[in-house]
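>>> Sharing a model prediction with you, sequence too.
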Amino acid sequence: MIRKICFSLLLGSAFTLNAQWGGWGDESSSSEDKGSQSVDLGSSSSKPAPAEKPKIVIEAIGTHYDDAPKAHFEPEYVNSDTNVSLHQGDSLLIRRPYLRQADVKFRRRIWRVIDLRQKINKSWTWPRSPITQVFWELGTKGLVRAYANDSFNRIITPEQILEITSSLDKVPVLLPGIDPTEATGDDYVDSTIVVMFKWNNINKFEIMEDWVFDYKHGEMKPIIIGIAPVKPEFIDAPQPDGTTKKEMVGESKPFWLKMDDCRSTLSKSQVFNRYNDAMRLNWDQHINLHRLFDSYIVKQTDWDDLYIASKTEFKDDKVATLLEAEKIKNDLFIFEHDLWEY
């Protein structure tokens, strides 16, 4: 009886363990089923394939280390008080005091040349506000009246200015239907094009000014009457090897501008101040008020109305021409100095 009870207990424990941990003889079959099940999941074609993730496409930029740097304008000053001249414009334009003709006891008219290649005049070519562009656009865009000469008796139109300053040039043009990579010299024909003169080729300005002694205020002061850009003239000079080369043969003044007509525009144009970055000047202050430029005299009123270099005694002597210009400047200084008693 005891044996039957023990056998029944052992048999019940065996069934319980088999139900909890699985059969003892089914390890291989279960592992095979699991393996086949994993393979079937991986190779199943009934489920859709996952969508591809979007990619960020960057266009090729390349390296530009050798390119010319571009100019960047600096921002406006935080303190507007230091830049008041640019904000007020015409309201800060300093008008000349009224000068009665009866108070003018002496007047001498002088012509000067301002060479922009001189070191002290480099501010005239400041890339952020070049004065050459300002004066050129005033004449060629019809913003102020332009005159044909320094007598200011004949107005010249912008179209006429562009016509007399432009030139014709011949350039080779490839005939149509020919591959440029296989073209020869016979496949090109000369075509005539119009070359417009550019303001950045101006290297000189000529100004006409009056040195006036104001009897009422007791001072000798210059008054700029007009200004003209100086355009270099070139010709095609033949070379020994059969080619041509541009050679400068002279200079011309395409138009004249009255300074009083330009002052309102100049007062709104900023100029580089070589002495203080905290206070930028406008072009009217630079030219008419402080006269922060260097120049040399090329002409004065005379009976023959000729430039110094065109006179017979100075025509072939450039050193004598410069000495005569210095003599005229010194005579003005001595005249003013002799007016006073010490």
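Yep, that arrived.
>>> from here on, contacts and neighbour counts on C-alpha atoms
Fine.
>>> ok, what's across the strand from Asp236?
Counting by DSSP bridges, Asp236 is bridged to Lys246.
>>> hang on, it packs against Lys246?
Yes - if you go by CA atoms under 8 Å, Asp236 and Lys246 touch, sitting 4.9 Å apart.
>>> How about residues contacting stretch 130-147?
Identification of contacts with stretch 130-147 by CA atoms under 8 Å, 6 or more residues apart in numbering yields 124-125, 153-159, 161-162, 199-200, 202, 229, 255-258, 261-262, 283.
>>> Tell me how far that stretch lies from the chain's centre.
Relative to its chain's centre, stretch 130-147 lies at 16 Å (CA atoms, centre = their mean, to the nearest Å).
>>> quick revisit: now intersect the contacts of stretch 130-147 with the helices, please.
Among these, the ones falling in helices (DSSP state H) are Pro158, Glu159, Ile161, Leu162, Asp261, Cys262, Trp283.
>>> ok, now how distant is Asn201 from Val195?
As judged by CA to CA, to the nearest Å, Asn201 and Val195 stand 13 Å apart.
>>> Then Leu323?
The gap separating Leu323 from Val195 is 39 Å, by CA to CA.
>>> what about the strands in this structure?
Ranges of strands within the chain are 104-115, 146-147, 155-156, 167-174, 188-195, 204-214, 219-238, 244-252, 256-258, 270-271, 281-282, 296-300, based on DSSP state E.
>>> Mean neighbour count and distance to Arg96 for those strands - can I get that in CSV?
Shown next, in CSV, are these (neighbours: other CA atoms under 10 Å; distance: least, CA to CA, whole Å):
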stretch, mean neighbour count, distance to Arg96
strand 104-115, 17, 15
strand 146-147, 23, 22
strand 155-156, 17, 25
strand 167-174, 12, 41
strand 188-195, 12, 41
strand 204-214, 20, 12
strand 219-238, 17, 9
strand 244-252, 11, 31
strand 256-258, 24, 15
strand 270-271, 23, 21
strand 281-282, 22, 16
strand 296-300, 20, 23
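>>> any chance of the ones you listed in a markdown table, with mean pLDDT and distance to Ile334 too?
Converted to a markdown table, the strands of the chain look like this (pLDDT from 0 to 100; distance: least, CA to CA, whole Å):
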| stretch | mean pLDDT | distance to Ile334 |
| --- | --- | --- |
| strand 104-115 | 93 | 13 |
| strand 146-147 | 92 | 34 |
| strand 155-156 | 90 | 38 |
| strand 167-174 | 77 | 47 |
| strand 188-195 | 78 | 49 |
| strand 204-214 | 93 | 13 |
| strand 219-238 | 88 | 11 |
| strand 244-252 | 81 | 33 |
| strand 256-258 | 94 | 29 |
| strand 270-271 | 82 | 33 |
| strand 281-282 | 82 | 32 |
| strand 296-300 | 94 | 16 |
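>>> ok so, going back, tell me the buried residues within the ones in helices among the contacts of stretch 130-147.
Neighbour-count burial (16 or more other CA atoms under 10 Å) is assigned, among the ones in helices among the contacts of stretch 130-147, to Pro158, Ile161, Leu162, Asp261, Cys262, Trp283.
>>> biggest separation within the residues you listed, which pair?
Greatest spacing in those, by CA to CA: Leu162 and Trp283 (25.0 Å).
>>> Torsion angles phi and psi at the residue nearest the centre of the chain?
Per CA atoms, centre = their mean, the C-alpha nearest to the average position across the chain is that of Pro127, at 4.4 Å. Main-chain torsions, Pro127, degrees, to the nearest 10: phi -60, psi -20.
>>> distance of it from Val212?
35 Å.
>>> Then Ile308?
Computed with CA to CA, the distance linking Ile308 and Val212 is 22 Å.
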